[in-house]
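Chemist: build me a structure from this.
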Amino acid sequence: MCWFLPDRFCVLVYLLGFKIINLIMNELQETDIGCPYCGEPITLLIDPSIDTQQYIEDCQVCCRPIEVSVSLGSDDNVQVDVRGENE
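Modeler: Numbers count the residues shown, from 1 in each chain. Next up, the predicted model:
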């Protein structure tokens, strides 16, 4: 419940927020990788609307940092490269 807004407006804000999150989630692409440390399979969510990305994501199994590099090829295929932090 929103203490500063009428109840009907709170419901509208909630529904709009859900639709926006749903729209964003539909545009993300799932990509499976193997952790460079423990080898366990991990699913990453990639935003294909960004040509080049680099970020660090912790392994969901061993919690070590993984450097993720994402690029789009000329045919819009997503290329994901991962490596350990000190490689």
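
Chemist: can you report phi and psi for the residue lying closest to residue 81 once chain neighbours are set aside?
Modeler: Distance criterion Cβ to Cβ, 6 or more residues apart in numbering; nearest residue to residue 81, sequence neighbours excluded, is residue 69 at 4.6 Å. For glycine as for every other residue, the C-beta is placed from the backbone atoms N, C-alpha and C. With angles defined as degrees, to the nearest 10, residue 69 shows backbone torsions of phi -120, psi 130.

Chemist: what about residue 68, how many residues nearby?
Modeler: Other residues within reach of residue 68, judged by other Cβ atoms under 10 Å, total 18.

Chemist: okay, and the beta partners of it?
Modeler: residue 55, residue 82 (DSSP bridges).

Chemist: and if you look at the one 4 residues further on?
Modeler: Residue 72 has these beta-bridge partners by DSSP bridges: residue 78.

Chemist: for this protein, what helix or strand is lowest in average pLDDT?
Modeler: Least confident helix or strand of the chain, by mean pLDDT, DSSP states H and E, is helix 7-27 with a mean of 53.

Chemist: residues contacting residue 45?
Modeler: Counting by Cβ atoms under 8 Å, 6 or more residues apart in numbering, residue 45 touches 28-31.
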